[in-house]
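Visitor: this one's structure only:
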Ligand code: SF4
Ligand code: SF4
């Protein structure tokens, strides 16, 4: 069943999020480190669904629509697989006030 908040589905609400995409990635994934990862926890935890498992054993990652929640960095237990930083000033997810 689709979760709804104030009558709006999670997917519809997320579709309204705006981004100011930086030229360089603020998250870099080292695919070599992912080869032996059995959990692929990043795939299930990312609310933006930016990690896609590959048949080769690695993962495909795109940084452009990242919510900057940090969940992938927290759940990944393979040291060095994810390099995480905030996007350069003013870039990234656009926060709305009010
Ligand atoms: S980023 Fe971390 S959790 Fe995700 S596949 Fe690679 S090693 Fe596994
Ligand atoms: S910081 Fe959050 S939204 Fe961004 S890639 Fe990681 S889990 Fe996904």
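Guide: Perfect, I can see it now. Owing to the predicted nature of the structure, the values given are computational and were not obtained by experimental measurement. Ligands and ions are numbered 1, 2, ... in the order given.

Visitor: The nearest residue to residue 50 once chain neighbours are set aside: neighbour count?
Guide: For residue 50, ignoring the flanking residues on the chain, the nearest one in space by CB to CB, 6 or more residues apart in numbering is residue 62 at 5.4 Å. Using the backbone N, CA and C atoms, a C-beta is placed for each residue, glycine as well. Residue 62: 14 surrounding residues under other CB atoms under 10 Å.

Visitor: residue ranges for the helices of the chain, please.
Guide: In the chain, the segments counted as helices under DSSP state H are 10-14, 31-34, 41-45, 71-75.

Visitor: Determine whether any part of the shortest one lies close to ligand 2.
Guide: No. Applying CB under 6 Å from any ligand atom, one finds helix 31-34 out of contact with ligand 2, separated by at least 13.8 Å.

Visitor: any residue of that helix up close to ligand 1?
Guide: Yes. Interface with ligand 1: helix 31-34 contributes 33, 34 (CB under 6 Å from any ligand atom).

Visitor: Could you export the helices of the chain to JSON lines, including columns for mean pLDDT?
Guide: Formatted as JSON lines, these follow (pLDDT from 0 to 100):
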{"stretch": "helix 10-14", "mean pLDDT": "84"}
{"stretch": "helix 31-34", "mean pLDDT": "91"}
{"stretch": "helix 41-45", "mean pLDDT": "97"}
{"stretch": "helix 71-75", "mean pLDDT": "97"}
